[in-house]
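Participant: Structure for the following, please:
(3 chains)
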Amino acid sequence: MNAAAPEPKANMGQPVPRYDAAAKVTGRATYGSDMPMDNPAYAFLVTSAIARGRINGFDLDDARRVRGVIDIVTYENAPKLKEAKLFSNGGYAGTTIQPLKSTDIAHEGEIIAVVVAESYEAAREAANRVKVSYTAVAPSASFDSPGTTKAAAKGQNAQFKEDPQVGDFAKAFDEAEVKLTASYDTPTQHHNPMELFSTSCVWMGDDLVIYEPSQYVYGLKNGVAEQLGIDADKVRVVNPYVGGGFGSRGSMTPRTAIIAGIARRLNRPIKLVPTRDQGFTIATYRAETRHEIKLGASRDGRLVALRHEGAEVSSRADAYCVGGTKTTTRLYACPNVDSLVSIVRADRNTPGFMRSPPEVPYLFALESAMDELAVKLNMDPVELRRINDTTNEPIGGKPYTSRSLMACFDEAAKAFGWSERSAAPKSMSDGDWLIGYGCAATCYPTQMAPSAARVRLQRDGRTRVEIAGHEIGTGAYTVIAQTASERLGVPLEKVAVFIGDSDLPPAPVAGGSNSTASTCSAVMMVCDQIRQKLFKAVMPNESLTDKAKETVGLGQAPTTQAAKSDRPLDLEKAFDALGAGVVEEYGEWKPDGAPLDSFKAMHSGHARLVGGHQMKDKIAYAFGAEFVEVRVNRFTHEIRAPRLVGAFAAGRIMNPRTARSQLMGGLIWGMSSALLEATEIDERTARYVNDNFADYLVPVNADVGGVEVILLSEQDDHINPTGAKGLGELANVGTNAAICNAIYHATGQRIRKLPVRLENIEV
Amino acid sequence: MSDQSSSRPSGFDRRAFMAGAAGSALVPLAARAGTQDARAPLAQDPALPVDVTLRVNGQDKRLSLDARTTVLDALREHLKLTGSKKGCDHGQCGACTVLIGDRRVVSCLTLALAAEGQEITTIEGLATSDRLHPMQQAFVDNDAFQCGYCTPGQIMSAIACVKEGHAGTDADIREYMSGNICRCAAYPNIVAAVKQAAPDIMKG
Amino acid sequence: MRPFSYQRATAPDMAVQALSAAAAVNNSLTQATAQPLAGGTTLIDLMKLDVMRPAAIVDINPLAQGWSAIDPGGENLRLGALAKMSDVAAHEEIQRSYPVIANSLKLAASAQLRNMATLGGNVMQRTRCSYFRDVSYENCNKRNPGSGCAAMDGVNRMHAVLGTSDQCIATYPGDFAQALIALDATVELTGRSGTRSMPFSELHKAPGNTPDIETILQPGELISAFVVPGRWPRSVYLKARDRQSYEFALSSAAVALDVQDGTIKDARVALGGVATVPWRAREAEALLKGQKFDDGLAERAADAAFADARGRQHNSFKIALGKRVVARALQQAVTMEI
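Facilitator: I've put the predicted structure just below:
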């Protein structure tokens, strides 16, 4: 055991090394653009330099003269594609803005031409030689730009159904003993996964294979088929490894069908590796948001009134919004709650999910406000949370299936040394550095979606699990293998897992932190089908009881000597009784409360996520508490966060190693969001200016000091068969507020706008 | 001569330069300076491929490349060594890190032509068939990656970091591993891996 | 990236000859049709962005044998232009006698880039102005003389507050050059008529009305060496930035002091991240010389350094930040143990 592999506590699996570790450290793991292709042509994108207006025309002479150019595709000769519907309106796409359809430009960086050439170098050169003439119209860049429109989210976004309200907020706030009104801003952010937004398309007759980093191979397969007007069975998406997703690859982008269409027309495999800056505009991003929070409390700290108003930017074409009030109105006990979410339309590409889409901006606002309220009340911020902790959410009164928020606060506070904090701002320092401590709650809804799986067990114990899940760094291979190993009682090293291929049984989008719960529940169910079959062969007249577990070795954790060294003898017996060498089962699992059309939707690439506050008679969230130490240099005002501590409770922890790594990465993501990340927009042109890895700042190794992750034991029997709550998006939520709260403690300065930069600090 | 002299600077002295031309091997560094090499015709159209021999993981690889090809693209697109990754193509992320000689460099900003005659080591050149390199094993043991895309670059960089003598303290490792971005943010585990592997690498 | 002919220069005169012939086409050396290739970390980067479009590349790495020596042995420190940043940063005698040089190099870029980049290439690296680096912006006086400046009223947080003109506010991004200019270094140039030396401070040209002309290098001229007079063990390079590593300076200061019996005999101050060219703050130096050090003096010197600074919408903070960085660097230099 080392720090990376924490000792499991109750209701935790083993911290086994990653299934795909060897492949990843040797370079053998093949990502989208690593896939071998026979004689590919290379595509390079030309993107719009204006955000609004139209194309007058192209001068392609120079570009065509480049040796090796095969084709240049513009709106004049683009493959005809069908309309792409938004995922939230029954489609698959993250945007309805269709490039190469007309002369119209909807946003900066929209694809306006695709150059195809014999080599990458020639394609790039020719793309650089494409000359475009535009008629530009002054664009609206963001909130404060002239020409934007603002309207309530409810009614224009099909997935935003309610502005949660309860009681009489206005009266309660008016009468509250202590009041706080504060506004908060969060910036535009881009996912910037390490792997670029590549797409390779290979046609074999009428069949199309797509190699592309995707968090939803079934969605992409069906979406591209729809746009091309072909049967979905003709399309296969393959991506055994995805170089990071963070939400950016959950919905279909326009590039895929375009490349597929060109490859079909040219009858040639095509490989597209867009540049990093193109990734800022050909995919989605986290839009900037604005918030006003009103809190009313009694002198003893009980919340009596809470109002959260949020505004979010979206494109002219699509009413995307994250609507985090669904979470912030339910987090604490409060009898009078009001909320409103609005969408502001600007000349931008359509935003989309980015790691904890609703919770990151909305909890930054609420958890900052809670800290401000604690200051007003002269109360320890941890105690303020304790006073307002609840077993039931206040809007509908439904009980949380489990909620270990205060246990997390207590564990994390202890590990962090919160009690050593001197509460007054500006009271702690070390040489050149002012020191601040801060904390915040974190949470994320527990979600599940229908999933299928196929499992094949051989008499020698070798097991093959097939499921179109996604390995985006979460450890999907590993926890699926562990689940099969534990359920069938076969040694872990005998389990082979196949994911990342839309020819495999459908799994949901790797989004909303639902993957582990969904895929492993399906795998468990199918393993049980196998056990049932074997058991019936051995004892045809008995039902499946504990006895049967022995029959196929269930109950023998793979760490036991028996499982490690010998395959259970009774497995052979069962196979003999069955008279078969192989048992193969397929099954489809759906969570409680999944809509009737769930399985049909699952096959057609529509994930029906259920969970969070949308469950009947209950509400399911994972919780955590995060504590940070911030240091502010009294001379340069540089801000560093050398210590991050988080305690988390997320039901069953399938693998403490992969869980810890995700939560650790999440804490660092949160720090990055608070201190570094912002996409700068040129107000005049509505263009992203810092669209590269030198100027869009994400943390480097030197930015990260001590990161401590504490996994709490938690049992929850009301969510799904695995008992696991998703945790991939849990840790990067609270950090934003925790950092600002710590900066307040260090400097006495309350900063309500992210990211906090050194010029925002006045010491 | 049929070469298109307009594509080259006027006054070009053919005796002084070994042009990167089709069908010719380029002169080794500092060798045959100023001599005329009959095998080396002058540059033709610069868009024509050039013959290059790259030494990768101990093997000579003869390639015909566009002069603009970087070491990264030569490895990935021409030698099918896809372990080295493209994350930015501008030296801003480190995912393409390889060793040239004993130095870690970003292969995306290194022209293949300029790397001729030098030993290039990639992630594929580390492990033997049955045994991982100590740094690879340390990355496995310490869960020093999640999505794995930056990992080959991290490992190549980490090996050099140790050999340079920059793995003595946690602070040194953090600073000298800062040229490799890990968006999953496995940084603390990367530091632990480098510490674990350092003694083995210094020994061997 | 445009096609180019690739040539290896195995002797200085060959490089000079090829470069000078081609460079004559354009008086703006950085847009010349032939470019020397050393580490490539600027050139290849900007060629991929289509910002630089040389038709010929002259690989001067074969000259390294003669041009990469690090020689701190004599009265002066001599640094070959093809010495790698990493090698100079790691050199023990440089660390001991010229900490400002060692640290300016160590705090720049990343380990990989420092392994590739040479000293000569480093001082020639070009601005990181986003509007300069993106050719889809037509208005960049540096790229397209006379076209305007998109940064002037754009996103200009990273831009310069000193040495600007109404034509260009692009920041000189390097670190090492501040150490050179502070220490009165000489740059040695090798060109058609042999070798000439000049003060390093004269190498770069402020943008004025010709932001496209960045240095005084003549066609075909190459930097062959730097010479730094004296020794400066009491010297500091302080660099402030958003991220702890692998980022260009928001503001930096190269400071070197000669303090005897509590009196500042000589003081050198140069500024990075805030100016259009490597920036020597002579007014600050004048205030410091002959004085006893205290924090008030440091602040007055810092104020003097930024007396002429002019901020724009997003970068005005650099004036206050720069002053604090200078003051703190002076304090660190005074108190350092040597």
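Participant: ok, the nearest residue to residue A:131 once chain neighbours are set aside to chain C distance?
Facilitator: Residue nearest to residue A:131 in three dimensions, not counting chain neighbours: residue A:59, with 4.0 Å by Cβ to Cβ, 6 or more residues apart in numbering or on different chains. Heads up, the C-betas are built off the backbone N, CA and C, glycines and all. Distance, residue A:59 to chain C, by Cβ to the nearest Cβ, to the nearest Å: 15 Å.
Participant: what does residue B:123 give?
Facilitator: Distance, residue B:123 to chain C, by Cβ to the nearest Cβ: 15 Å.
Participant: which stretch of helix or strand covers residue A:102?
Facilitator: Using DSSP states H and E, residue A:102 sits in no helix or strand.
Participant: Residue ranges in chain A under the pLDDT threshold?
Facilitator: A:1, A:542-569 (pLDDT under 70).
Participant: One more pass at 80, please.
Facilitator: Low-confidence regions of chain A, defined by pLDDT under 80, span residues A:1, A:539-570.
Participant: quick one, what contacts the residue in the stretch 401-550 of chain A positioned nearest to chain C?
Facilitator: Per Cβ to the nearest Cβ, the residue of the stretch 401-550 of chain A with the smallest distance to chain C is residue A:432, at 7.9 Å. Residue A:432 is in contact with A:633, A:634, A:635, C:328, counting by Cβ atoms under 8 Å, 6 or more residues apart in numbering or on different chains.
Participant: do the same with residue A:720
Facilitator: Listed by Cβ under 8 Å, 6+ apart, the contact partners of residue A:720 are A:448, A:517, A:518, A:521, A:591.
Participant: which SS state does it fall under?
Facilitator: Residue A:720 carries the three-state label coil when classified by DSSP: H, G, I helix; E, B strand; the rest coil.
Participant: So if we follow the domain assignment, how does the chain break up?
Facilitator: Here I'm looking at chain A. Per the record, chain A has its domains at A:37-139+A:191-282, A:150-188+A:292-339+A:351-447+A:615-667+A:705-760, A:449-607, by automatic domain parsing.
Participant: looking at chain B here, not the other one
Facilitator: As assigned by automatic domain parsing, chain B contains the domains B:46-125, B:126-204.
Participant: what helix or strand does the closest residue in space to residue A:325 that isn't next to it in sequence sit in?
Facilitator: Computed as Cβ to Cβ, 6+ apart, the closest residue to residue A:325 that is not its neighbour in sequence is residue A:339, at 3.9 Å. Here residue A:339, judged by DSSP H and E, is contained in strand A:337-346.
Participant: still on that earlier bit, buried ones among the contacts of residue A:720?
Facilitator: With burial judged by 16 or more other Cβ atoms under 10 Å in any protein chain shown, the buried subset of those is A:448, A:517, A:518, A:521, A:591.
Participant: so where do the helices sit in the stretch 301-450 of chain A?
Facilitator: Along the stretch 301-450 of chain A, counting by DSSP state H, counting those that start in this stretch, helices occupy A:325-328, A:359-377, A:381-387, A:405-416.
Participant: which stretch among those helices comes nearest residue A:273?
Facilitator: Among those, helix A:359-377 comes nearest to residue A:273, with 29.1 Å by Cβ to Cβ.
Participant: And that closest one, what's buried?
Facilitator: In terms of neighbour count (16+ other Cβ under 10 Å), helix A:359-377 has its buried residues at A:359-375, A:377.
Participant: Would it count as contacting chain B?
Facilitator: No: judged by Cβ under 8 Å from any Cβ of the partner chain, helix A:359-377 and chain B are separated, with a smallest distance of 15.1 Å.
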